[in-house]
Every structure is written in structure tokens, then in C-alpha cells.
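# Based on what follows, work out the 3D shape:
(one chain, ligands or ions: 1)
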Amino acid sequence: MGSAIIPTFPKHDPASPAFWDVRFDAAFTPWDQGGVPQSLVDYITQIPAPKKVLIPGCGSAHEVRFFAGLGWDVTAIDFSPAAVARAKQLLGELGSHVRKADFFGDALGKERFSTVYERAFLCALPKSLWPAWAARIALLIPPDGRLTGFFFFDNNEKGPPFGIARAELVELLSPHFDLIEESVPTDSIAVFAGKERWQVWQRRA
Ligand SMILES: C[S@@+](CC[C@H](N)C(=O)[O-])C[C@H]1O[C@@H](n2cnc3c(N)ncnc32)[C@H](O)[C@@H]1O
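Prediction:
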């Protein structure tokens, strides 16, 4: 993803784990916030009772410690072995919350999540996968559940990050979700600054 000095990597499809493995192995992760974004802290601390959350494409999974500390039932998945290794190394005992799994595969079985937390996952996916992403999100979140997190708005062709047009995100999610909250993050990192929004989407029945 964007940065002033970009190391050279072998050509891989961002839809394959290898694309991400080489970057985690080289410790080149310019998308990594290195902690928990403030918008997530502000939102979660208003929720009265802990819920069950999925973090797809979790990368270093900094948010796992935060959710677990508040009593949430947290599952983080990533299909890159190097990302999972990094997350487990950072999380110590809490590393058991992180699983190597493809979001589009069947590893989650019939598990459903009252919250799915999105950060830098949709924009990591080639645009051709966006409709499948939206369908799977709607399947994983039962009525009354929520999709919460950060969305990267841009009209760039080259990525990742692959920016989405606001109208396209609405088109993907509006068959099953209503947008109920939106704000500008105060602590965006350089690659997303000025182009990301915190949003909360409520699943309809
Ligand atoms: C840009 S990184 C974001 C990581 C993390 N969410 C963060 O905010 O730092 C995108 C992550 O999504 C993972 N990923 C991409 N496609 C995936 C898929 N189909 N299933 C699971 N993980 C996937 C990559 O391995 C990578 O770790």
C-alpha cells in the first residue's frame, strides 16, 4: 500500500496470501496503525454489553487485546501465514483468538457474529471480489448485528489500497444494511488520511 519508499516485491495477486506474506516477512506494513484506532475505542465503550466480533483480514490484530479486555468474544482471521504469525507473536496468550482462514472459505462454518469489524480489509481486496465480500458480510451478520469500522474512499485504479466510491459502497451494503453512524477519524495514518471514514452499518431483518 502507498508509501514514499516502497521495497521491490515479487509480483503476486493481492487476492493470494503470497502477496501479503512477502510484505509481512519484510516488515513492510504501511497500513498498520500499530494500535487501536480512537473511533473504535469511542464506539465500543458506548456499547452496554460485550458482543461477538469477527475481525476479517486482521493482519497484526492489535484490536484483539482491546476487544478481549472488554470481555468481547473475539475471533480474528487472516489467510496469510506470515500475518497470523505476526499477530500471534504480538498477542502472546491471546493469540489463540487468531486463526488462519480465508474469509471466502468455509472455515467459520455456521458461526455468526453480532459485529464484524472492518479495517483495511475491503480496500485490500481486488474490486472483482467486492460483491462476494458484501454477500458474505450479510451472511455472517444476523439481523440486528452491525458492520463497523473504516472505509477507504478513493477512485484509484491501482492498489492496494483499492479505494471505493461512496455510491458503490452504498450499493453493495444497502440491500441488507442501513448506515446509522459516520464520522471522520481523528487519528488516520498517512496512507488513509483524509480519505477514510468511520461508519456503522445496521443489519436489517
Ligand atoms: C491491508 S492488510 C490490513 C490488516 C489489518 N486489518 C490492519 O488494519 O492492519 C489486509 C489483510 O487482509 C488479509 N487478507 C486479504 N485477503 C484475505 C482473505 N480472503 N481472507 C483472509 N484474509 C485476507 C491480508 O493477508 C492482510 O493481512
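
# So which residues of the protein form strands?
Taking DSSP state E, the strands of the chain run over residues 52-56, 73-78, 98-100, 115-118, 146-152, 177-183, 196-203.

# For the protein, which residues are neighbours of the ligand?
By CB under 6 Å from any ligand atom, the residues of the chain that approach the ligand are 20, 31-32, 56-60, 77-80, 83, 102-104, 119-121, 124-125. From N, CA and C alone the C-beta is placed, and that goes for glycine too.

# Out of the strands of the chain, flag the one nearest Arg136.
Evaluated over these, closeness to Arg136 peaks at strand 52-56, with 8.6 Å, by CB to CB.

# just the angle between the closest one and strand 146-152, please?
Here strand 52-56 points in a direction 30 degrees away from that of strand 146-152 (axes from the mean of the first three to the mean of the last three CA atoms, to 10 degrees).

# still on that earlier bit, adding mean pLDDT and mean neighbour count, write the strands of the chain out as TSV.
Output for these, formatted as TSV (pLDDT from 0 to 100; neighbours: other CB atoms under 10 Å):
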stretch	mean pLDDT	mean neighbour count
strand 52-56	98	24
strand 73-78	98	24
strand 98-100	98	19
strand 115-118	98	24
strand 146-152	98	24
strand 177-183	98	13
strand 196-203	98	21
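
# Now render those strands as a markdown table, adding distance to Ala132.
Rendered in a markdown table, the data for the strands of the chain read as follows (distance: least, CB to CB, whole Å):
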| stretch | distance to Ala132 |
| --- | --- |
| strand 52-56 | 12 |
| strand 73-78 | 16 |
| strand 98-100 | 20 |
| strand 115-118 | 15 |
| strand 146-152 | 15 |
| strand 177-183 | 16 |
| strand 196-203 | 17 |
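
# What residues does the closest residue to Asp187 other than its chain neighbours make contact with?
Among residues not flanking Asp187 along the chain, Gln38 sits closest, at 4.9 Å (CB to CB, 6 or more residues apart in numbering). If you count contacts by CB atoms under 8 Å, 6 or more residues apart in numbering, Gln38 has them with Pro185, Thr186, Asp187.
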